[in-house]
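In: fold the following.
(one chain, ligands or ions: 2)
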Amino acid sequence: MPTSDHIIELSVIVPTYNEHPNVIPMIESLDAALGEHRWEVIFVDDDSPDGTASQIREIAKRDPRVRVLQRVGRRGLSSAAIEGILASSAPFCAVIDGDLQHDEKLLATMLKTIKEEDLDVVSGSRYVEGGGLGDWQESRAKISKLATRLSRAVLHADLTDPMSGFFMIRRSTFEKRMRNLSGIGFKILLDIFASSKEPLRYRELPYEFRSRQAGESKLDSQAAWEYFMLLLDKLIGHIVPVRFVAFTLVGGVGVIVHMLTVWLMLNYTDSEFTIAQTTATLIAMTSNYAMNNILTYRDMRLTGWGWIKGWISFTLACSVGALGNIGIATYIFEQDTTWVWASLSGIIVGAVWNYAVTSVYTWKKPKAA
Ligand code: GDD
Ligand code: MN
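Out: Ligands and ions are numbered 1, 2, ... in the order given. Predicted coordinates:
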């Protein structure tokens, strides 16, 4: 029988993507910070090409405090944090970046505070007295502050740093909210707060954001789009799936691409209309596919052969969608409706069809948290 000495009190969840050089320093610094506590670390790695997961697995063979959850064909910091917490049974879970930019020395204080003050969440903040942004560039600091301001639209708390990815949460608190989480993008703390109707008992502790010593940041321009999707999901996700909104926006851009191609071909080549229309349809379908793959389905983006197969199924699905669109529009038009309504009905039917079919056949959706 295990004794109470073996029972884990704190699981530290570390999402990783290409953090090979940081793994050993990360475990060593957790050991230094939490040595006498009953803790474990669960790395959630999205099948990093640099072999982060197998490296951790090697260490886990010798150190029972170390575990790895390897996800294949998936991406996303938030969903990684959620699934890491779900893989743990400890009464308290912390989430911390795997690149040593968060201050792991704060973990012991976080644990003490959450227990003693009976809180739901304790988070690290760069904006309370004693905290700091480290060597962040002016531009990134500005973007972060703007994002913080926007978060007020969905947040039910007066957090100074809802963008923080460094926090500790009580398991019972997490379990009560986990079914409402969006799991989109980078901002899991914001997601948790925005998913709680009744206010959470929380405290922010200051920490100084460190500079990255090894590896690269994964935060790129698409992170802004994902952030926008997270906010939108929190605002209207209960009415319409936010992926459908993204899919429709991409479709709107596709119409512009289509028109532009036809116009260019008619004006600058001697193609006939049918040829121009056919070429434009193919180009618009392909650009819609590529945009959806990057924006709507970033968390399960297709690459290599998968990209080609996805393109084929997308094009087939949309061709059937187009037939449905024309059929419905013609039928409605023949019922003495104005062409605008007839046409719009066709577009809506086509869009819903395209979305539904491609979400099943092109991007096979593993049901997230
Ligand atoms: N599993 C998984 N999947 N992990 C990921 C992914 C992913 O798709 N993308 C990033 N990570 C991991 C990284 O390996 C790293 O351990 C951590 O998540 C943070 O990623 P960075 O790319 O280093 O993020 P950052 O330093 O630019 O941004 C951080 O800034 C915020 C402050 O506003 C985020 O990490 C937030 O956690 C932090 O609060
Ligand atoms: Mn980082």
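
In: is stretch 228-239 in proximity to ligand 1?
Out: No - counting by Cβ under 6 Å from any ligand atom, ligand 1 has no neighbours in stretch 228-239; the shortest distance is 13.1 Å. In short, each C-beta sits where N, CA and C put it, glycine included.

In: ok, and what's touching that stretch?
Out: 78, 150-151, 153-154, 182, 184-185, 187, 190-191, 194-195, 242, 245-246 (Cβ atoms under 8 Å, 6 or more residues apart in numbering).

In: quick one: Pro2 is in a helix?
Out: No - per DSSP: H, G, I helix; E, B strand; the rest coil, Pro2 lies outside any helix segment and is coil.

In: distance of it from Arg38?
Out: Noted for Pro2: a distance of 11 Å to Arg38, by Cβ to Cβ, to the nearest Å.

In: these two: which has the busier surroundings?
Out: Using other Cβ atoms under 10 Å, the more surrounded residue of Pro2 and Arg38 is Arg38, with 14 against 6.

In: the more buried one and Glu9 touch, don't they?
Out: Yes - in terms of Cβ atoms under 8 Å, Arg38 counts as a neighbour of Glu9; the distance is 4.5 Å.

In: rewinding a little: quick one: which of the contacts of stretch 228-239 is most hemmed in?
Out: Per-residue neighbour counts (other Cβ under 10 Å) across the contacts of stretch 228-239 peak at Leu190, which has 29 neighbours.

In: next, that one: secondary structure please.
Out: When classified by three-state DSSP, Leu190 comes out as helix.

In: quick check: closest non-adjacent residue to it.
Out: Pro162 (4.5 Å; Cβ to Cβ, 6 or more residues apart in numbering).

In: quick check, Gly134 in contact with Arg212.
Out: No - judged on Cβ under 8 Å, Gly134 makes no contact with Arg212 at a distance of 9.6 Å.

In: overlap of the contact sets of these two?
Out: Residues touching both Gly134 and Arg212 (Cβ under 8 Å, 6+ apart) are Gln101.

In: which parts of the stretch 1-150 of the chain sit against ligand 1?
Out: Residues of the stretch 1-150 of the chain lying close to ligand 1 (Cβ under 6 Å from any ligand atom) are 15-17, 19, 44-46, 75-77, 80, 97-99, 101, 144.
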